[in-house]
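1. have a look at this prediction, sequence included:
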Amino acid sequence: MKSNRTAFLFLVCLLFLGLMFLLNLSLGSVKIGFSDVFMGLFTNSWEKDSYREIILNFRLPKALVAILVGIGLSLSGLQMQTFFRNPLAGPYVLGISSGAGFGVAILLLAGSAMGFTFTAISPWSTAFAGVFGAGGILLLVSVVAWRVRDSMTLLIVGVMFGAAVSALISVMSYFSQAESLKLYTIWSLGSLGGLSWNQVMILAVLVLLGALPVIASTRSFNALLLGESYAESMGINSQNLRWLVILSTGVLAGGITAFCGPIAFVGIAVPHLGRLLWKSADHRILFPGSALVGAGLMLICDTISQLPGSAQTLPINAVTSLIGAPVVIGLVIKRNFSKEF
Amino acid sequence: MKKQVLIGKNLSLGYEAGNQQKTILSNLDFELLSGQMTCLLGPNGVGKSTLIKAIMGKIEPFKGSIELFGSAPTSYHRDDLSKKLSVVLSEPIFPAQMTVKQLVALGRTPYLNWSGRLSDQDKNEVYKALEATKLEYLRKERLGELSDGQRQKAMIARALAQDCPLMVLDEPTSHLDLVNRYEVMQLLQDIAKTQEKAVLVVTHDLDIAIETGQQLWILNCGSPLISGTPEDLILQGEINQLLPSDKYFFDSNRGKVVMHHQTTKIEIEGPDELVYWVEKALIKSGKHLPKDSIRISENPFRIFCQGKEFTRISELIEIL
């Protein structure tokens, strides 16, 4: 009976995801009917050429990016929470978003602070800067991880690195000019749009690469629910697992942040939603479950951020936080977080 | 036929601080046999946890050898070791959302592939572990909703599902009430006997260890490990090794630890059982003891002292 409920929930979530996907494509500054979207996608017959343009080159890549971001951040948040046995851990606890921010800040701010500006600022250049920044901080964290055995120490060091790097960004912001500061601020608010099909492909490959090792060690994550000592007594190599977690989160959160900017809360809130929905701690259920919920949630957030019917958009990072914060607050108040975990 | 599962020879253990070796335990000799529950007793800080770590293959001995089925625990690959030795640790970590059955199923981890999918045989082992610990009726309950005693039994069931010839438990009864302590230890003894496992339990409950254990290991600072059946150790007076101060001694008549009192003997007449408790209460009260003799009658319970009559011990103590 219990497995029936699990399967039923998966089915509902999948249908919901499909619905949200269509809704996301349909809504925006121009409303395109469900049937038009459906016909266009599956038979390639478009009522208007402008519809085709909007859907294929703007909304479809953005919707796919939303799904990829939702999957990537949720998976990475879930593995961090289990690995650090901390309900407030998320993809960014090891300082990855600050690292990526630092890379982008150097690109956008450092020049202006020193009196010259980069002329060509494209998604590619910010993505590269983000990857280098995230990679750099990951390298630092890895050096620490190599020396300390205790995962709590690693967590604290990660948070400290993040704080230090954020401080450097603040210094750069202080000395930079208004124009570049605005560019940086906009990057830091996150954006799912504006990526070409090539970039969407690269993001998809990154999310796949980051997700594979996690899914391949489902057994280890389940054993880790009882803590590192128990996991080791059951034959789990927790040192290997730690490297896997660092690498996977680096690829997932680093890649996503590089392309879309830092996106808050999804990584922390979605695994909790997954646990609530499926009432399970089993990662065989939680990994696919969180991925589904994460993808759905990102699609909803993106739909809201387009402010259907108006030409304005809200920054995605603000929307995810606006939805995520009540979720986390609700969880904290409704149940004893640390005990439930 | 009892088999030797674990053998320690001239074993010295400790930890490394900086580049110095601090020896905590030295010259330990022991053997652990299958089909027996062995209780490891000793004061706090004597190195029981260090010994457990060495058995789990987490630290290398400084001197001597420790052999689990003929080879050092540190020489095993972690996959093989996890099929020889299962543990119940003293750190309490319970994911509240997990059901008892899921917890027990985690014990099958060493036998699963990457996905953690349970085969029919795994499910059968889980069922057997639940049956042996009499937890079937709780299998769908979540750990957050169980009592401490039930959770501890669930942890034992998990270790059982790991299907290892040796089980090591680090203070499994430490935060349980008296009845649950007996139950858990009785359960472990049953498991050792019926499933031919070697069970090593670290505990502080001398009374229960004597009652339920087939072997006792007594560790004390600076002396070798003493092992033997509890009854032998009592009759040889070795149990007193556990009681470092002269104030306490093990009363072999009553089977428990009692305090020495230098106070003058009080004269109490009456049935033995009643005399024992009245005497105990009077000594504990620390009051000046009555010079006259005390007489106790049973049915109805009355205490006669200094020409008065009392129905409760507390009334007597009050007037002293």
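-> Arrived safely.

2. what residue in chain B comes nearest to chain A?
-> At 3.3 Å from chain A, B:S82 is the closest residue in chain B, using CB to the nearest CB. No exception for glycine: its C-beta is placed from N, CA and C like everyone else's.

3. thought B:D163 was touching that residue, still the case?
-> No: using CB atoms under 8 Å, B:S82 is not in contact with B:D163; the gap is 10.2 Å.

4. so between these two, which is more surrounded?
-> Taking neighbours as other CB atoms under 10 Å in any protein chain shown, B:S82 and B:D163 compare with B:S82 leading, 23 against 18.

5. count of residues packed around the residue lying closest to the more buried one once chain neighbours are set aside?
-> Spatial nearest neighbour of B:S82, excluding adjacent residues (CB to CB, 6 or more residues apart in numbering or on different chains): A:G235 at 3.3 Å. A:G235 has 22 neighbours, counted by other CB under 10 Å.

6. doesn't A:G235 fall inside a helix?
-> No: under DSSP: H, G, I helix; E, B strand; the rest coil, A:G235 sits outside any helix and is assigned coil.

7. ok, it - contacts?
-> A:G235 sits next to B:78-79, B:81-83, B:109-110 when contact means CB atoms under 8 Å, 6 or more residues apart in numbering or on different chains.

8. low pLDDT regions in the chain?
-> Chain wasn't specified; assuming chain A. By pLDDT under 70, the weakly predicted segments of chain A are A:1-2, A:112-122, A:332, A:335-341.

9. you answered for a different chain; I wanted chain B.
-> Residue ranges of chain B with pLDDT under 70: B:1, B:244-246, B:254-255, B:260-265.

10. ok, longest helix in it?
-> Ranked by residue count and defined by DSSP state H, the top helix of chain B is helix B:178-194.

11. what residues does the stretch 101-250 of chain A put near chain B?
-> Proximity of the stretch 101-250 of chain A to chain B (CB under 8 Å from any CB of the partner chain) is limited to residues A:216-219, A:222-223, A:225-227, A:229-230, A:232-237.

12. so where do the strands sit in the stretch 1-150 of chain B?
-> Under the criterion DSSP state E, counting those that start in this stretch, strands of the stretch 1-150 of chain B are mapped to B:4-17, B:20-33, B:36-41, B:63-68, B:85-88.

13. those into CSV, with extra columns for distance to chain A and mean neighbour count?
-> Output for the strands of the stretch 1-150 of chain B, formatted as CSV (distance: least, CB to the nearest CB, whole Å; neighbours: other CB atoms under 10 Å in any protein chain shown):
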stretch, distance to chain A, mean neighbour count
strand B:4-17, 14, 17
strand B:20-33, 17, 16
strand B:36-41, 18, 25
strand B:63-68, 13, 17
strand B:85-88, 5, 25
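
14. and the ones you listed: which comes nearest B:K53?
-> Closest to B:K53 of those, according to CB to CB: strand B:4-17, at 8.1 Å.

15. relative to A:G133, how far out is A:V104?
-> Here A:V104 is placed at a distance of 7 Å from A:G133 (CB to CB, to the nearest Å).

16. show me what residue of chain A gets nearest to chain B.
-> A:G235 (3.3 Å).

17. for that residue, phi and psi?
-> Main-chain torsions, A:G235, degrees, to the nearest 10: phi 90, psi 10.

18. cool, A:A318 as well?
-> Recorded main-chain torsions at A:A318 are phi -70, psi -40, according to degrees, to the nearest 10.

19. surely it and A:S188 touch.
-> No: with contact defined as CB under 8 Å, A:A318 does not count as touching A:S188 (10.8 Å).

20. so the two - more neighbours on which side?
-> Neighbour count, other CB under 10 Å: between A:A318 and A:S188, A:S188 has more, with 20 against 14.

21. the more buried one against A:S98, yeah?
-> No: if you go by CB under 8 Å, A:S188 and A:S98 don't touch, sitting 10.5 Å apart.

22. how about the longest helix of chain B as CSV, C-alpha atoms only?
-> Only the C-alpha atoms of helix B:178-194 are listed here, as CSV (Å, rounded to 0.1, in the frame of the first residue of the first chain):
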residue,chain,number,x,y,z
LEU,B,178,15.8,-1.0,34.4
VAL,B,179,13.2,-3.2,32.7
ASN,B,180,14.5,-2.3,29.3
ARG,B,181,18.1,-2.9,30.4
TYR,B,182,17.2,-6.5,31.3
GLU,B,183,15.2,-7.0,28.2
VAL,B,184,17.9,-5.7,25.9
MET,B,185,20.6,-7.8,27.5
GLN,B,186,18.4,-10.9,27.6
LEU,B,187,17.7,-10.3,23.9
LEU,B,188,21.4,-10.2,23.2
GLN,B,189,22.0,-13.3,25.1
ASP,B,190,19.3,-15.1,23.2
ILE,B,191,20.8,-13.9,19.9
ALA,B,192,24.2,-15.2,20.9
LYS,B,193,22.9,-18.6,21.9
THR,B,194,20.3,-19.3,19.2
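
23. elements contacting it?
-> Applying 3 or more CB pairs under 8 Å, 6 or more residues apart in numbering or on different chains; DSSP states H and E, one finds that helix B:178-194 makes contact with strand B:36-41, helix B:120-132, helix B:148-161, strand B:166-170, strand B:198-202, helix B:206-212.

24. so can I have JSON lines of the ones you listed showing distance to B:K58?
-> Output for the helices and strands packed on helix B:178-194, formatted as JSON lines (distance: least, CB to CB, whole Å):
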{"stretch": "strand B:36-41", "distance to B:K58": "17"}
{"stretch": "helix B:120-132", "distance to B:K58": "25"}
{"stretch": "helix B:148-161", "distance to B:K58": "17"}
{"stretch": "strand B:166-170", "distance to B:K58": "12"}
{"stretch": "strand B:198-202", "distance to B:K58": "15"}
{"stretch": "helix B:206-212", "distance to B:K58": "25"}
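
25. who in the stretch 151-300 of chain B is up against chain A?
-> So the stretch 151-300 of chain B meets chain A at B:Q162 (CB under 8 Å from any CB).

26. that concludes my questions; thank you for your assistance.
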